[in-house]
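please find the sequence and the predicted model below.
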Amino acid sequence: MQTGKINVKTENIFPIIKKFLYSDHEIFLRELISNAVDATQKLKALSSIGTFKGELGDLTIHVSIDKKARTLTVKDRGIGMNAEELEKYINQIAFSSAEEFVKKFKTKSEAERHALIGQFGLGFYSSFMVADKVEILTKTYKKGGSTKAIKWECDGSPEYSMTEIDKKDRGTEVIVYLDKESGEFLDEYRILNLLNKYSKFLPVPIQFGTEKVREEVKGEKDKDGKNKTVEVEKPRIINNTDPLWKKKPADCSEKDYKDFYRELYPTSFEEPLFQIHLNVDYPFNLTGILYFPKAKLNVEVRKDKIQLYSNQVFITDSVEGIVPDFLTLLHGVIDSPDIPLNVSRSFLQSDARVKKISSYIMRKVADKLEELFKKDRKSFENKWDDIKVFIEYGMISEEKFYERAEKFSLLKNIDNKYFTFKEYKNHIKEQQTNKDKKLVYLYTNNKEEQHSFIESARERGYDVLLMDGILDSHFINTLEQKFKDTIFIRVDADTIDKLILKEDEAPSKLDDKQKDQLKTIIERNIDKKKFTIVFDNLSESDQPFIITRPEFMRRMKDMSALGGVSLGMDNLPDSLNLVVNANNPIMTKVLEYKTDKKQDQLIKQAYDLALLSQNLLKGQPLTDFIKRSIDIIK
């Protein structure tokens, strides 16, 4: 028996590991299994080059729990270790890595600690987060010399012991004696969930107990004439050792991709729209599959649907800084051993390798979208409403993506016709260029509520875009910055003739004195806090009152509501204009009445009609309007 003391340069790290990593203590299981997988993969590599000439046999990694003994065991049949290797890899290298981890961890801010905890690389010593004692039973694959099996034991103090033991089979068995706070890891379902989380796609089979399944009995039928089945007990294998993303795209069918999506998201009932298969080994190693899901309007989009792996070991589903922000809305898997993991998010964002990986992913997404657009435009248009949020987000946030996407990004009008940017410009430039030579893009974000304004635009031969997406208020600002001599105006921002000024204003049938008289009458019948009165010289056939929402203030409120701009506008009331058509005959009629009662009745009726057209007439005012209307038609 050999005893020794681990060389601790700072202080005993075990209490520090327990204290600081307690909230993420589940990662010890991932680390132990990852070590077992590494040992198994190394043996397979040695066998492939002829260094190991024995039989590989069954390489399944076994995970087991013993509630009575309060132990959790991870057992592999990999390369194993002899006494010299155990001393080197456990007492020196692994411990040094753990000690270095603690040094870094103690100097981090709370945010950086959160990023650092739970990342791959803490290694074997993470098991002391949950253990009173840890044992290693190991036997090397080598023959002759110092190849006897060894038992290593440590109780969480700097002292350890190493003893020769009888062990016939090669490989390593790590036995974790769980402390009293870690009883959760004796629960079968807890361990099963952790294995599914961290080990679902590891390249070596992992068995955790057994499971009962029903199998068909060949050639036998039951009393109903159906194939007879019997219940059998089989090893419960946790993982898919050959996930789809490791295969070449040419070897994968559409069915394969859809089946794998269901494997990733078994509770999702919607099919993805399409996918992008990433596969590159130079200048960095990156594989993966990204799926475009169907986006839903007015639903908070989750950003935890992309799973990051390192050599098929699950690391995190928080990929900000690794993937361009707009692509965190996608679903799928990214696997790369070249992404530095034991670092903060701020470091990731400045790391040269990560920037290259991020740029590559963005380029591949743009390539795929452009390919779909060129190959089958009709199909692309059918998918547009579901993918526009991703594309618009990318164009708003990434200049390089905008340069690619402007070729295939679409605008949709209220007739459900789709146009590229260039096509739409040509479509409207003759009719919708104002007197200042600016091209005016009219849009609506609600066809029903703004129907009367849309009809006014149509009567003049104008086209109206439908911009009802959750990002469209931001996207409009981006397009105005990119398009030369262009303005976007919502159809209810003003009267139609002022939205696209073609010539000087038409003459008014009322002089200034009459307008002042009329304004006084109007003010005593409306909510002056809510409306600003504006006179306009429209045609006689236009409505007497029109309610408009000034473009700038409304757009700022929309953006503030999305959280993109903090201007303190969230709680401000709507800014509304009450446009008075000075040329409508009703205005002249009001001035001709000699009594306030007659004037007020006519103004209130016209005002309520304007409110009603905008769905702003409710409660008591709506009841009064109905009664008044009945009185008028009696």
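Arrived safely.

C-alpha only now, for contacts and for neighbours.
Fine.

where in the protein is pLDDT low?
Within the chain, the ranges that satisfy pLDDT under 70 run 1, 4-23, 93-122, 296-304, 340-349, 504-505, 552-574.

please repeat the previous calculation with a cut-off of 50.
8-10, 22, 110-121, 298-300, 564-567, 569 (pLDDT under 50).

which strand in it runs the most residues?
strand 206-221 (DSSP state E).

just the strands in the stretch 151-300 of the chain please.
159-165, 171-178, 206-221, 227-237, 274-280, 286-292 (DSSP state E, counting those that start in this stretch).

follow-up on the earlier one: buried stuff in the longest strand of the chain?
206-209 (16 or more other CA atoms under 10 Å).

same thing with stretch 28-41?
Buried, per 16+ other CA under 10 Å, within stretch 28-41: 28-41.

which of the residues you listed sits closest to residue 389?
residue 30 (35.6 Å; CA to CA).

what strand or helix carries that closest one?
helix 27-48 (DSSP states H and E).

contacts for that helix?
Applying CA atoms under 8 Å, 6 or more residues apart in numbering, the external contacts of helix 27-48 come out as 52-54, 56, 59, 61, 74-80, 118, 120-124, 126-127, 129, 172, 174, 194-195, 198-199, 202-204, 313.

between that helix and strand 206-221, how many degrees?
Interaxial angle, helix 27-48 versus strand 206-221 (axes from the mean of the first three to the mean of the last three CA atoms, to 10 degrees): 80 degrees.

helix 27-48 vs strand 171-178, what angle?
Computed with the same axes, to 10 degrees, the direction of helix 27-48 lies at 180 degrees from that of strand 171-178.

helices along the stretch 451-600 of the chain, start to end?
451-459, 472-482, 496-499, 512-523, 551-562, 585-592, 596-613 (DSSP state H, counting those that start in this stretch).

select, out of those, the one closest to residue 249.
Taking CA to CA, helix 472-482 is the member of the helices of the stretch 451-600 of the chain nearest to residue 249, at 33.7 Å.

which strands or helices does the closest one pack on?
Here helix 472-482 touches helix 377-397, strand 486-490, helix 551-562, going by 3 or more CA pairs under 8 Å, 6 or more residues apart in numbering; DSSP states H and E.

domain assignment for this protein?
Residue ranges for each domain of the chain read 2-208, 244-375, 409-499, 512-548+572-633, as given by automatic domain parsing.

and the end-to-end length of the last one?
Meaning domain 512-548+572-633. By CA to CA, to the nearest Å, the extent of domain 512-548+572-633 from end to end equals 33 Å.

sorry, back to before: got a markdown table for the buried residues of strand 206-221, with distance to residue 464 too?
What follows is these, written out as a markdown table (distance: CA to CA, whole Å):
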| residue | distance to residue 464 |
| --- | --- |
| 206 | 59 |
| 207 | 61 |
| 208 | 61 |
| 209 | 63 |
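
so what's residue 155 up against?
Here residue 155 is in contact with 132-134 (criterion: CA under 8 Å, 6+ apart).

which of those residues ranks first by neighbour count?
residue 134 (24 neighbours; other CA atoms under 10 Å).

hang on, that one packs against residue 179?
No: the pair residue 134 and residue 179 does not pass the contact test of CA atoms under 8 Å, sitting 10.6 Å apart.

quick revisit: looking at the buried residues of stretch 28-41, which is nearest residue 391?
residue 30 (36.0 Å).

distance of the closest one from residue 263?
Distance, residue 30 to residue 263, by CA to CA: 20 Å.

now do residue 37
22 Å.

surely residue 333 is within a helix?
No: applying DSSP: H, G, I helix; E, B strand; the rest coil, one finds residue 333 to be strand, outside a helix.

partners of it in the sheet?
Counting by DSSP bridges, residue 333 is bridged to residue 289, residue 307.

next one: residue 214
residue 231.

what's the burial count for residue 503?
Residue 503 has 11 nearby residues by other CA under 10 Å.

that one is in contact with residue 433, isn't it?
No: counting by CA under 8 Å, residue 503 sits too far from residue 433 to count as a contact (11.4 Å).

returning to what we had before: next helix or strand past the helix holding residue 30?
strand 61-66.

next helix or strand past that following strand?
Strand 61-66 is succeeded, C-terminally, by strand 71-75 (DSSP H and E).

that following strand: partners in the sheet, and parallel or antiparallel?
strand 61-66 (antiparallel), strand 171-178 (antiparallel).
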